[in-house]
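3D, please:
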Amino acid sequence: MPISLPQLRLASALFASLGAAAPLMGQTGLLVVAHGADAGWNTGVRDLVKQVRWDNGPVAIAFLMGSEAAADGWNQGIARLLVAGAKQIIVVPLMVSSHGSHYQQVRHYAGESAELPAAFHEHEAPAPIPVPVTVTVTAALDDAAELGEALLERWRALDERDRRRPLVLVAHGPSTDREAALWVRNIGAAAEPLSMASGHPVAVGLLRDDAPPPVRAAAIDSLRQTIERLARQSGDSVSAMPVLISRGGITQVTIPKDLAGLPVRYAPASLTPLPAIARWIERVALAKLAAVQ
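Got it, this is the predicted structure:
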């Protein structure tokens, strides 16, 4: 059931009156925050979070954008945890990288960053309601071992012939060049077990959809050149897999369009609802809980 802003204010006032600002007393709520898109995309996130084992308090999901952001956004997720009795909240951004505007948006909402990224001022992102409990944010996936496990599982599901081909991982990517380099480095590090299993180096390409058009065009050109080079070197087609949280327009429409005409075998899988990603949520949330106690 949707949580209204008046209910959130009431929950905040109640917890303040009970002295709930003391963060080490009582339950620890877990808020999993995802980008959000259409109902199908969001279903992948919900199916993933159902697998998360969290015995320390209530669990909620928040979507930053998309069809459910109004009913299940940041404020509503926080409200659900407060109403359920959370005395402190750990936020896990279900995102590929900590180096991007959406991750900074989450840190701003949690009170860890004073500035909201400039891109969100244009979209009039909703202001977070003050919350009378401690809210702390974990890192995103970055180079997590569980990301490597998830990519390896997706690769093993490919046809045997596709597993013998060179592999390119395609991720969304940020706007700035500095952050883009960190995306490539971290995904490449996480994919080392996959490289060992395949017997080929694994290349990483970025879409950079949120960057200015010339920057995005250059990123797609670089991705296409990488695929063409690997195809020439191997004398074979190249396999391509997305590194994206869930399935939606990017996996089904954008990437196929960007790869059109190339010698590529594209498998539009996603990271949700793979168990390895659920285990990652548990691990980083528990580590953050231990750090704040």
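
longest helix of this structure?
helix 213-234 (DSSP state H).

can you map out the helices along the stretch 51-200 of the chain?
Ranges of helices in the stretch 51-200 of the chain, per DSSP state H, counting those that start in this stretch, are 74-83, 101-109, 118-122, 145-156, 160-163, 177-190, 192-198.

and these: which comes nearest Leu262?
helix 160-163 (14.5 Å; C-beta to C-beta). In short, each C-beta sits where N, CA and C put it, glycine included.

need the phi and psi values for the residue nearest to Pro256 when sequence neighbours are not counted.
Closest residue to Pro256 apart from its sequence neighbours, by C-beta to C-beta, 6 or more residues apart in numbering: Tyr266 at 6.3 Å. The phi/psi pair for Tyr266 (degrees, to the nearest 10) reads phi -100, psi 130.

confidence score at Tyr266?
Looking at Tyr266, its pLDDT is 98.

next, find the distance separating it from Val238.
Using C-beta to C-beta, to the nearest Å, Tyr266 is found at 9 Å from Val238.

just to revisit the earlier point, give the next helix or strand downstream of the longest helix of the chain.
Sequence-wise, the next helix or strand downstream of helix 213-234 (DSSP states H and E) is strand 238-243.

list the buried residues of stretch 81-88.
Of all the residues in stretch 81-88, those buried under the rule 16 or more other C-beta atoms under 10 Å are 81-83, 86-88.

the helices of the stretch 51-200 of the chain: lowest mean pLDDT?
helix 118-122 - the lowest mean pLDDT of the helices of the stretch 51-200 of the chain, at a mean of 61.

ok now stretch 266-281, how far from the chain's centre?
10 Å (C-alpha atoms, centre = their mean, to the nearest Å).
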